[in-house]
Structure formats: C-alpha cells, structure tokens
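K.L.:
Quick check, what structure comes out for this input:
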Amino acid sequence: MAQPERTHTADTKLGGISGRYWHRIDDGRLQCDVCPRFCKLKEGQRGLCFVRARANDEIVLTTYGRSSGFCVDPIEKKPLNHFLPGTPVLSFGTAGCNLACKFCQNWDISKSRELDKLQASASPQAIAARAVETASRSVAFTYNDPVIFLEYAVDVAEACHEYGIKTVAVTAGYITEAPRDEFFRHMDAANVDLKAFTERFYWKVCGGHLTPVLDTIKYLKHETNVWFELTNLLIPGENDSEAEIDEMTQWIMEHIGPDVPLHITAFHPDWKMMDKPCTPLQTLTRSRDIALQNGLRYVYTGNVHDFKGSSTYCHNCDNILIGRDWYELSTWNMAAENGKGSCSTCGTAVAGVFDGRPGDWGARRLPIPI
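P.N.:
Predicted coordinates for the structure are as follows:
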C-alpha cells in the first residue's frame, strides 16, 4: 500500500530524504505512486522525473532542501491575476519534471540532470524567513512541477503558514489521488497548466494523459478551497484550433463554472520545438473571444503586450476593474477587503482573493540568496 507517513530518514547514497506514496510490487521493484506514471524502480534507479529514486530499498526524494535559485516576482507572472494583485511572490523550483513536454520553456530546470548545480542550503524555515524579509505575500513552487518534490513543498508550506505567508503551486496537475489530497491541503492558490484538450497532444507532445489533469482541476473546484486559475499555451498547428478551444472552454463552463480565470498564452520556439512559429496575437484574441462567448468571465492573453487582453473587466457592467500593462497595474476600480472584491461601479462580486489596494511590486524580477 502507499506510504503516507511523514518520516524523514538520514541521507542515502543518492542523497535526499525518505519519500512518501510508494509500494512494493510482486517482482520486487518499488512503484512510485505520486503521479500517473507509476515508475517501477530497481535499486539505484530514478523515475522519469529524475528526482525520485530507489535507494536503500525505499523511494527517496533526492532534491529535498535544494533549489535551482530564488527570485521575487510579481504574482501576475505565475500567472495569477485574481490572487493578491500587485504583490511580490518569492519563487523557486528544484530540478526534474514528471512530464516530457517537447516545448518546455523552463527546460534547463525541468529537464536538468545535474543536481550538483542546485543550491545546497534552502531549509523550509529559511525560505519562510526570507519571504518575510522581502515582504513577499506568498511563496510559489514553480519553474518545475512541485508535485515531484511534494515532501519538500509541504514542509515549506507549513513553515510559511506559521509566518502568515501564503503558498502557490504552479503545476501541470499530473498527480494521483492520495498525494493530491496532501499536496493541495497545504496550498492557498494554484495555476494549473491545461496544456491542450486532446489525448493525442498529451501523449505525443507531453508523454502523459489528459484525464488525470482534468481530474485535478475538478478536484480543486469541488473538493478544496484553493483559489486556482488555468493556463493554456497555444502552439500553432498543435492545439490552437477554434474547435479545440471551443470544446475546452465548454468543458470548463460545465465542470468548473464561469469564474475560473483562463490565461491563453503565446508560444515561442524552445527546446525540441524550435521548428514551430510564435503564436500570432490574432490567434490569442480569437481564442479569448471564443472563451468569453462560451460564458467564461475572466479570460486573459499572456506572453504578449495586450492591454485589453491582460486587464480585468466586470462581467456585469463591463467597466475595467484592473488595468495591466505587462505586469504593471494601472486602473484599480474595485472595492476589496477581507479577501473579497467587488466592482466599484456596480457592486458586482469579483471572483478571487483580494486584500485592500493592490500592491506596487510591478514587473521587477529580483534574484535573491537564501
């Protein structure tokens, strides 16, 4: 059966701490149960994510306490447009990933196999304290998918909550049921990358499956209080057809509802998809129009300069609520307190987590040591 215990043992030969959610199968291999890949490992082998490995007859997390670097970013960069707008978020990742997306735009981190490049000292307590020192309202697990370093992310989240710092997961949502419950129980907000709406794309381009991601999105909506937003990166000729956008946004309306923000973002050539062109702005705006016509209230264009597509509008009176120029906020036409927001013009509630006037962090990206 899966191993939910919170027991961290001494470093193994591979380094790291004892992992959770695995079991022994009949042929003696250990099966990792964190994600739907269910990697089956012999002694000394690593899973596809590279950071969960079998050592000393158990599954270990080899990247606990180690990071590829820390930055203070605008929260809108995650992207989260309805979660404490304008505030700084301390962001970090580790190495590895449990998907194999050919277009990965953080491939130098998510596909890294050089763990010696990771910082050696980044305890949960140190991260939480640094968030306080930098006046960050939240800490984001990002750059690579945090579900593969679940034990580390959970411990950091617990340390952050002791200081009143919120936590954000930037994830593809490729995780199984039991670890999903534990992981998101410690998150205040999330952005889930819905990479496409076809099984073909997930299997051929990402090496995974669509259904587990949809299950995670439904779980977040119906079984948690986590504020979450969705991102869909459009790749020309792969997942950008009007039919697919129409089907995807109809599914969102039916299963999640109109209030989940959707970020439709532009692709640029990277890693193993250098042959694809950048996404045209007209593709993004056309897709945004489809989503709005299907009933979604908050639809954004990303990775492009588009004031209209980046700004937030009241779905009732259509007045601008939050103006955005890249990550700089301009117009603020909202009443916000105690986590709730409403339109200052007509009083209509605005979905999200808001706390008074917005922050003024702007577009700064500040690398910091821990």
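K.L.:
Please enumerate the helices of the stretch 151-300 of the chain.
P.N.:
Residue ranges of the helices in the stretch 151-300 of the chain, as given by DSSP state H, counting those that start in this stretch, are 177-185, 199-201, 211-223, 242-255, 281-293.
K.L.:
Show me which parts of the shortest one are buried, residue by residue.
P.N.:
In other words, helix 199-201. Phe201 (16 or more other C-beta atoms under 10 Å). All C-beta atoms are positioned from the backbone trio N, CA, C, and that covers glycine.
K.L.:
got a list of contacts for that helix?
P.N.:
By C-beta atoms under 8 Å, 6 or more residues apart in numbering, the list of residues contacting helix 199-201 from outside reads 195, 209-211, 238-239.
K.L.:
Could you rerun that using 7 Å?
P.N.:
Contact with helix 199-201 is made by 195, 209-210, 238-239, as judged by C-beta atoms under 7 Å, 6 or more residues apart in numbering.
K.L.:
Which of the residues you listed sits closest to Ile256?
P.N.:
Leu210 (15.2 Å; C-beta to C-beta).
K.L.:
Nearest residue to the closest one in space, please, no chain neighbours.
P.N.:
Tyr202 (4.6 Å; C-beta to C-beta, 6 or more residues apart in numbering).
K.L.:
And for Asp240?
P.N.:
For Asp240, the spatially nearest residue (C-beta to C-beta, 6+ apart) is Leu234, at 4.2 Å.
K.L.:
what about that neighbour, how many neighbours?
P.N.:
Other residues lying near Leu234 total 24 when counted by other C-beta atoms under 10 Å.
K.L.:
Show the contacting residues for it.
P.N.:
So Leu234 contacts 240, 264, 266-267, 279, 283-284, 287 (C-beta under 7 Å, 6+ apart).
K.L.:
which of the contacts of helix 199-201 count as buried?
P.N.:
Of the contacts of helix 199-201, these count as buried by 16+ other C-beta under 10 Å: 195, 210, 238-239.
K.L.:
mind putting these in CSV, distance to Ile59 and pLDDT included?
P.N.:
Output for those, formatted as CSV (distance: C-beta to C-beta, whole Å; pLDDT from 0 to 100):
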residue, distance to Ile59, pLDDT
Lys195, 26, 98
Leu210, 26, 98
Glu238, 34, 96
Asn239, 33, 98
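K.L.:
Farthest pair within those residues?
P.N.:
Leu210 and Glu238 (13.9 Å).
K.L.:
Could you verify my assumption that Asn98 touches Cys32?
P.N.:
No: taking C-beta atoms under 7 Å as the definition, Asn98 is not a contact partner of Cys32, at 9.4 Å.
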